[in-house]
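K.L.:
Sequence below, structure please.
(chains A, B and C)
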Amino acid sequence: METIRNIFDFSDFPRKDLVIFGLFCLFLFIFPLIPHSSFSMATMIQFLMFSLYGMGWNTIGGYGGQVDLGKAQYAGIGAYTTAVMLIRWNIPFWVSAPIGMAFAIIWSFAIGYPLFRMRGHYFAIATIATSLVLLDVFQVWDFVGGAKGLEIPLKKMPSLMYLQFRNDAYYYYILLGLFFIGFFYINWFRKSRLGFQLRAIKDNEEVARSLGINAHWCKIKAYAIATSFVAVVGSFHACYNFNIEPEDIMSLDLSILIAMMAMVGGAGSLWGPIIGAAVLVPLKSYLGSWLGGKAGLAGLDLVIYALIIMAIAAFEPRGIWGIVEKARRRKRT
Amino acid sequence: MTPILEVQGVTKDFGGLRANNNISFSVQKGELLGLIGPNGAGKSTLFNCIAGVYNVTAGRIFFDGQEITNFKPYEVSRLGLARTFQIFVASGDLSVIENIMVGSFLRTRSRSVARRRAEEIIDLMGLGEHRDHWVSELPVAAQKRVAMATALATQPKMLLLDEVAAGLNPTEIDEMMSLIRKIHYDMGITVMLIEHVMELVMNISHRVIVLDSGNMIAEGKPEEIKQNPEVIKAYLGERYVAQQQKGA
Amino acid sequence: MSAFIGQLLQSVVSALLMGMVFALVALGLTIIFGVMNIVNFAHGEFLMVGMYAGLLFANLSGLDTLASLPVAGIVGFVLGIICYYGLVKYLLRGPMIAQLFGTFGLMLLLRNLALLIFGSEPRIAHHGILVGRSFVVGPGIVFEATKLTAAFFSVVFFVAVSWLLANTKVGKALTATALNPEAARYMGIPTERMNALAWGIGGASVTICGALLVNFWPVDPNIGLLFTMIAFATVALGGFGNIKGAFYAGIIIGFIIYIPPMWDALTQLIGNESLKAIQLHSFKYTFVYLAYFLIMIFRPNGLFGIKE
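P.N.:
Numbers count the residues shown, from 1 in each chain, chains lettered A, B, ... in the order given. Have a look, this model is predicted:
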């Protein structure tokens, strides 16, 4: 069927790119089997999580061109749905995650409809506003534990149903599965009708409308797709961390990190979020641990992040992948 | 026969400024209609009212028998009325074929069908050599052809062309003329064009409408319009006409 | 009964005072936007810098915090100019997304530099002729001297800047650049310098505000976000680029912040138990975010219209 062909169609990339990616995938597959520290395993899991977060953000922020700085609220919805369902009704991850995703999507339609009447800076601020509102609500809502958050009770491990394992490798492989599902989905998405329409909207919205595209509705759809990615990772996060609190899963900081992955790596490209996560996650992880002992240096990692963002914004807004593409274009002409 | 486009008493105000004043005309299926007038006459405003970019202050518009007054641009496009823009592309993200595919996607959900249709249009418009280039890198004449190609990909019944000859040299203008004729005769699409380049519009139009300062001042065949004193006055000013008469 | 009326009046007074301060907070943002259509995500962080500057100066010099106003102003002016020539100049060349991310990165930078330098503990001014002083009027309405001074100086600076913009040669050049950059350039007005000046003035007005605030509002590295949101809500309400609008909008936002205590007083007056039980205090700022959202949906040009 045509759709299946499209999912695996990478024909618009040169052979070299695919080989590199193939090798990278190989590395991802064998990583837990080669000797590694628990710290590097934790970093790799973070990498996969943020790649997925970034891939989701990229649909509306990259291909859609609408910078969304409020994605964390959906991570929160996913995480809390899974946590609450497990704590109160013993519902396994594989049921609560889709339900969390459904709640997140409903909420995204509810605020997406008015939200996309705005553009540019105003839109970005509005996304922050909605995220902060939800954060405030969750901090006082007893049903979800208020500011203290929720603790996930331990089940008999290893538990595939509740996603609880002593050995991180299990978490890793499940997340890797999600990573590939997400990745192939995005490959299909960027060449689908919606993908083309979004890119046309980003290019010139007025022209796009004249071609029969309902821009408002397209953006809302892309926003919902981004939301689903983020919500699933949120659900995973709850199971992996064993406890969640609003400040941690719904904060502006998380929204910022989510947006940065694609922005730094290359918004609007297939590889962007993965490249971004590959650069930023280890950077934060290893920098954090190196400085960790040294009191008084908290925040240095974010200072470096900030400088990276500013440099990219000022000189190469298309991110790392943008630099690669530009170099290739120059070679062609 | 029902005209394919009917404009009835369209008036458009921008605050205190009346850009279109009670404009009425109709376009028959298969016509090639030119819309001319000095700068600021309200031609683009009229286009934008028809295409749904502006809401009219008064009046009604009908396309193929259906009322489309104040419809949104994407609704108008879906009914089969397409248009081009003067400023076509903002960023350089899409290649020529991808751009045209965006148009094709209006009529199909399938990527392969959209691609096939885009390829056909590329052949028709002679854009083969630019197929995979970024639109922003093309010369002006080619960009205009891409704009037209993209609009054509939506399989319109009628096409509004907005100053497609602006900025073209004489050879390119000739090519544009044949292209428009091809679209009109071969593809059977009704065409209405705004133009400043007289050789083009007077040569190919069946009928011409003239606007000046928001009003429709003349309507008729190109030969008649060329001689129409109101039209000459609008373009060259009262004093010129008076001088001509004195000299004659 | 009169106690609750007193409480209500107290809230109204405080709301007015805070509102005037918010007006000054928003002034810088609206000027920058008016002149070059860029939105400064780091606006609240500038305020934070002003707060720390005022505090440091007061602590180091032993002088009253009021004396730190000029220092804070200079710091803000210089910071604004540096930000312009060091970053914003390049951002203006790029797409809007880049501009957004650029000032966003600036916000992160300032916030985390503050964290590095000052640590995360909240600080507030402890000495000074006004701190802790207040006087009581009527049925128990307390006017805190610090808030009163802050409001007073906010109005003074607001009026001063508005006057400067309308009546000095430089101010008029700035306004001209805001209205029509192309025309301004043709008339010989150096756009680059106008842009830098806008950032300088914008920065200075908000850092001065910070120095005023730190007398009664504790500062910590994370406080910037709240004020950025307040500034945005104010500017959105007043109309982006509209200076007079920013003033009235500031007052309105001041009232929004005081909704919880006013609600308390009102419900006490009405005496309805179930209404009284609804505590709104945790949503003090939530209403501001909601206000921004609602304004942008229903009245994107603000209550008073955009750019005059």
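K.L.:
from here on, contacts and neighbour counts on C-alpha atoms
P.N.:
Will do.
K.L.:
now the strands for the chain?
P.N.:
Answering for chain A, as no chain was given. A:150-151, A:243-244 (DSSP state E).
K.L.:
actually it's chain B I care about, not the one you picked
P.N.:
B:5-14, B:17-27, B:32-36, B:58-63, B:66-67, B:81-83, B:158-162, B:190-194, B:207-212, B:215-220.
K.L.:
what's the closest of those to chain A?
P.N.:
strand B:81-83 (6.9 Å; Cα to the nearest Cα).
K.L.:
Just give me how far that closest one sits from the chain centre.
P.N.:
Averaging C-alpha positions (Cα atoms, centre = their mean, to the nearest Å) puts strand B:81-83 8 Å from its chain's average.
K.L.:
what does stretch C:99-107 give?
P.N.:
18 Å.
K.L.:
Check stretch A:5-18 too.
P.N.:
The answer for stretch A:5-18 is 22 Å, by Cα atoms, centre = their mean.
K.L.:
Skip the chain neighbours and tell me the closest residue to the residue of the stretch 101-250 of chain A found nearest chain C.
P.N.:
Per Cα to the nearest Cα, A:Ala129 is where the stretch 101-250 of chain A lies closest to chain C, at 5.0 Å. Among residues not flanking A:Ala129 along the chain, C:Tyr289 sits closest, at 5.0 Å (Cα to Cα, 6 or more residues apart in numbering or on different chains).
K.L.:
Distance check, the one you found against A:Leu69.
P.N.:
Counting by Cα to Cα, to the nearest Å, the gap from C:Tyr289 to A:Leu69 is 14 Å.
K.L.:
can you check B:Gly220 too?
P.N.:
B:Gly220 is 57 Å from A:Leu69, by Cα to Cα.
K.L.:
If you count surrounding residues, which of these two has more?
P.N.:
In this view B:Gly220 and A:Leu69 are compared by other Cα atoms under 10 Å in any protein chain shown, and A:Leu69 has more residues nearby, 27 against 16.
K.L.:
which regions of the chain sit below the pLDDT cut-off?
P.N.:
Answering for chain A, as no chain was given. Chain A contains residues with pLDDT under 70 at A:1, A:292-298, A:332-333.
K.L.:
oops, I was thinking of chain C
P.N.:
Along chain C, segments meeting pLDDT under 70 span C:1-2, C:126-133, C:137-140, C:275-277, C:305-308.
K.L.:
Quick check: longest helix in it by residues?
P.N.:
Assignment by DSSP state H gives helix C:2-36 as the longest helix of chain C.
K.L.:
Distance from that one to the middle of the chain?
P.N.:
With Cα atoms, centre = their mean as the basis, helix C:2-36 stands 9 Å off its chain's centre.
K.L.:
Now do it: which elements does it pack against?
P.N.:
Packing contacts for helix C:2-36, counted by 3 or more Cα pairs under 8 Å, 6 or more residues apart in numbering or on different chains; DSSP states H and E, involve strand C:141-144, helix C:145-167, helix C:169-179, helix C:191-213, helix C:224-238, helix C:243-257, helix C:259-270.
K.L.:
Name the nearest residue to the residue of chain A found nearest chain B, ignoring sequence neighbours.
P.N.:
Residue nearest to chain B within chain A: A:Gly212 (3.9 Å; Cα to the nearest Cα). Nearest non-adjacent residue to A:Gly212, counting by Cα to Cα, 6+ apart: B:Tyr74, 3.9 Å away.
K.L.:
from what I can see the one you found touches A:Ser210, true?
P.N.:
Yes. If you go by Cα atoms under 8 Å, B:Tyr74 and A:Ser210 touch, sitting 5.5 Å apart.
K.L.:
ok, the two, which is more surrounded?
P.N.:
A:Ser210 (27 against 24).
K.L.:
Tell me which residues touch that one, please.
P.N.:
Residues near A:Ser210 by Cα atoms under 8 Å, 6 or more residues apart in numbering or on different chains: B:Ala51, B:Pro73, B:Tyr74, B:Val76, B:Ser77, B:Ala82, B:Arg83.
K.L.:
what about it, distance to C:Leu87?
P.N.:
Taken as Cα to Cα, the span from A:Ser210 to C:Leu87 is 37 Å.
K.L.:
With A:Arg88 instead?
P.N.:
In terms of Cα to Cα, A:Arg88 sits 51 Å off from C:Leu87.
K.L.:
mind listing what the residue nearest to A:Ala129 touches?
P.N.:
So C:Tyr289 contacts A:Ala129, A:Thr130, A:Leu132, A:Val133, C:Met229, C:Ile230, C:Ala233 (Cα under 8 Å, 6+ apart).
K.L.:
Just want the most central residue of the chain.
P.N.:
Since no chain was named, I'll use chain A. Geometric centre of chain A, nearest residue: A:Tyr53, 0.8 Å, by Cα atoms, centre = their mean.
K.L.:
try chain B instead
P.N.:
Geometric middle of chain B (Cα atoms, centre = their mean) lands on B:Leu161, at 2.1 Å.
K.L.:
Let me know how buried the nearest residue to that residue once chain neighbours are set aside is, in neighbour terms.
P.N.:
Excluding its sequence neighbours, the residue lying closest to B:Leu161 (Cα to Cα, 6+ apart) is B:Leu193, at 4.6 Å. Residues lying near B:Leu193 (other Cα under 10 Å) number 24.
K.L.:
looking at it, B:Leu193 is touching B:Leu160, isn't it?
P.N.:
Yes. Using Cα under 8 Å, B:Leu193 is in contact with B:Leu160, at 5.7 Å.
K.L.:
Just the element for C:Val136, please.
P.N.:
C:Val136 belongs to strand C:134-137 when assigned by DSSP states H and E.
K.L.:
A:Ala110: which of the strands of chain A is closest?
P.N.:
strand A:243-244 (24.8 Å; Cα to Cα).
K.L.:
Spit out the contact partners of the closest residue to A:Gly288 other than its chain neighbours.
P.N.:
In space, and not counting its chain neighbours, A:Gly288 is closest to A:Asp301: 6.5 Å by Cα to Cα, 6+ apart. By Cα under 8 Å, 6+ apart, the contact set of A:Asp301 is A:Leu283, A:Lys284, A:Leu287, A:Gly288.
K.L.:
sorry, back to before: just the strands of chain A: most buried one?
P.N.:
Burial of the strands of chain A is given as mean neighbour count (mean count of other Cα atoms under 10 Å in any protein chain shown); strand A:243-244 ranks first at a mean of 22.
K.L.:
So what's the residue count around residue 180?
P.N.:
If you meant another chain, say so; for now it's chain A. 14.
K.L.:
Oops, wrong one, chain C.
P.N.:
12.
K.L.:
next one: phi and psi at it?
P.N.:
phi -160, psi 90 (degrees, to the nearest 10).
K.L.:
In chain B, which residue sits closest to chain A?
P.N.:
For chain B, Cα to the nearest Cα, closest residue to chain A: B:Tyr74, 3.9 Å.
K.L.:
per-residue confidence at that residue?
P.N.:
You'll see B:Tyr74 listed with a pLDDT of 95.
K.L.:
The one 4 residues further on too?
P.N.:
B:Arg78 is assigned 95 on the pLDDT scale.
K.L.:
How about the one 5 residues further on?
P.N.:
At B:Arg83, the predicted lDDT confidence score is 94.
K.L.:
Can you verify my assumption that it contacts B:Ala153?
P.N.:
No. B:Arg83 lies out of contact with B:Ala153 (Cα under 8 Å); the separation is 11.3 Å.
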